[in-house]
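*Asks:* The sequence isn't on hand, but the structure is:
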């Protein structure tokens, strides 16, 4: 039979037979001892250690027990470091290899897509993976999830300034509302999008200089003067609105004021898929 051609199945069957034979043998020996044993022998602690006629015989640990105990330890070490878990077949390992191979071929085939094609690919990914929470139009289904229409643009930064952010587990912790006026918030957002974010685009270039001054006095203490977040202290704003920022959110998940988005790392999105999803989300913002 095919099942007997697998060395793991053979090993399991052999181990089961050994356990069965050992169990039957030990059971037979114990039943025989129960029938033939007599209540005599040296008691632990002498007669003074007997209570209501019940005492404990002073017996050495059976040699078979010691041998079995040591054998199990040796077998356990072999099994962990040399047996099935370390060198045998793994469905998870096979799945990861297949996904890596698929993503490699996927990247090679679709890495040079035009923006419109990326947008269409991203729409398909969004509808399957994201629309259940964010809605078909990415508006967040009446605040049950994040409204992504403003994500990656100045309005999104203004929302974070006004509402704060729970963040992605940075050392600085949650970002509280900054209490800036709408005009100052718009200026900061313009500066971040124009000079810090890799997108380098703003609808209000006349506010960039003002936003820079406010950013340095209000935001730089956590995000750094260059906006890179000072390691893992706070969010790296140079990646805001880019596929790299979206990749971080997909990998880590995100806590928010509305609820918690789980990690999508298990989906193993390729670089092209993440870029396509980011392109589609950006396209929802309309013409600048």
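*Replies:* Right, received. Where do you want to start? Because the structure is predicted, anything quoted here is derived from the model rather than measured.
*Asks:* Just the mean pLDDT for the host helix or strand of residue 65, thanks.
*Replies:* Counting by DSSP states H and E, the element that carries residue 65 is helix 63-81. Averaged over helix 63-81, pLDDT sits at 90.
*Asks:* With stretch 118-131 instead?
*Replies:* Averaged over stretch 118-131, pLDDT sits at 93.
*Asks:* next one: stretch 146-156
*Replies:* Per-residue scores along stretch 146-156 average to 86.
*Asks:* Kindly check the end-to-end length of that stretch for me.
*Replies:* End-to-end distance for stretch 146-156: 10 Å, by Cα to Cα, to the nearest Å.
*Asks:* contact partners of that stretch?
*Replies:* With contact meaning Cβ atoms under 8 Å, 6 or more residues apart in numbering, stretch 146-156 is reached by 134, 137-140, 159, 186, 189-190, 192-193, 199, 202-204, 240-242, 245, 256, 258, 261, 278, 281-282, 284-285. Heads up, the C-betas are built off the backbone N, CA and C, glycines and all.
*Asks:* how about a cut-off of 6 Å?
*Replies:* The contact list for stretch 146-156 (Cβ atoms under 6 Å, 6 or more residues apart in numbering) reads 134, 138, 139, 140, 189, 193, 241, 281, 282, 284, 285.
*Asks:* For the stretch 1-150 of the chain, which segments count as helices?
*Replies:* Per DSSP state H, counting those that start in this stretch, the stretch 1-150 of the chain carries helices over the ranges 7-36, 63-81, 84-87, 91-110, 115-129, 131-134.
*Asks:* Show the low-confidence segments of the protein, by residue range.
*Replies:* Scanning the chain for pLDDT under 70 picks out 1-6, 39-41, 45-49, 84-88, 167-169, 171-172, 256-258, 286-288.
*Asks:* please redo it, this time with the cut-off set to 50
*Replies:* Across the chain, residues meeting the criterion (pLDDT under 50) sit at 286-288.
*Asks:* Go ahead and report the secondary structure state at residue 241.
*Replies:* Following DSSP: H, G, I helix; E, B strand; the rest coil, residue 241 is assigned to coil.
*Asks:* Where does the closest residue to residue 237 other than its chain neighbours sit, in terms of helix or strand?
*Replies:* Residue nearest to residue 237 in three dimensions, not counting chain neighbours: residue 227, with 3.9 Å by Cβ to Cβ, 6 or more residues apart in numbering. Secondary structure assignment for residue 227, by DSSP H and E: no helix or strand.
*Asks:* List the contacts of residue 227.
*Replies:* By Cβ under 6 Å, 6+ apart, the contact set of residue 227 is 196, 237, 238.
*Asks:* Now with 7 Å, please.
*Replies:* Contacts of residue 227 were listed using Cβ atoms under 7 Å, 6 or more residues apart in numbering, and they are 192, 196, 237, 238.
*Asks:* Make JSON lines from the residues you listed and add secondary structure to it.
*Replies:* Converted to JSON lines, these look like this (three-state DSSP):
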{"residue": "192", "secondary structure": "helix"}
{"residue": "196", "secondary structure": "helix"}
{"residue": "237", "secondary structure": "helix"}
{"residue": "238", "secondary structure": "helix"}
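*Asks:* which of these tops the neighbour count?
*Replies:* Highest neighbour count within the contacts of residue 227, by other Cβ atoms under 10 Å: residue 192, with 26 neighbours.
*Asks:* wait, doesn't that residue sit right on residue 238?
*Replies:* No - Residue 192 is not in contact with residue 238 according to Cβ atoms under 7 Å; the separation is 9.3 Å.
*Asks:* Mind putting the contacts of residue 227 into TSV with distance to residue 27?
*Replies:* Shown next, in TSV, are these (distance: Cβ to Cβ, whole Å):
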residue	distance to residue 27
192	75
196	75
237	71
238	71
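*Asks:* Looking at those residues, which two lie furthest apart in space?
*Replies:* 192 and 238 (9.3 Å; Cβ to Cβ).
*Asks:* how long is stretch 149-166 end to end?
*Replies:* 19 Å.
*Asks:* got the buried residues for that stretch?
*Replies:* 149-161, 165 (16 or more other Cβ atoms under 10 Å).
*Asks:* again with stretch 62-74
*Replies:* In stretch 62-74, counting by 16+ other Cβ under 10 Å, buried: nothing.
*Asks:* quick one on the thing from earlier: can you redo the buried residues of stretch 149-166 as JSON lines with secondary structure?
*Replies:* As requested, the buried residues of stretch 149-166 are exported to JSON lines (three-state DSSP):
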{"residue": "149", "secondary structure": "helix"}
{"residue": "150", "secondary structure": "helix"}
{"residue": "151", "secondary structure": "coil"}
{"residue": "152", "secondary structure": "coil"}
{"residue": "153", "secondary structure": "coil"}
{"residue": "154", "secondary structure": "helix"}
{"residue": "155", "secondary structure": "helix"}
{"residue": "156", "secondary structure": "helix"}
{"residue": "157", "secondary structure": "helix"}
{"residue": "158", "secondary structure": "helix"}
{"residue": "159", "secondary structure": "helix"}
{"residue": "160", "secondary structure": "helix"}
{"residue": "161", "secondary structure": "helix"}
{"residue": "165", "secondary structure": "strand"}
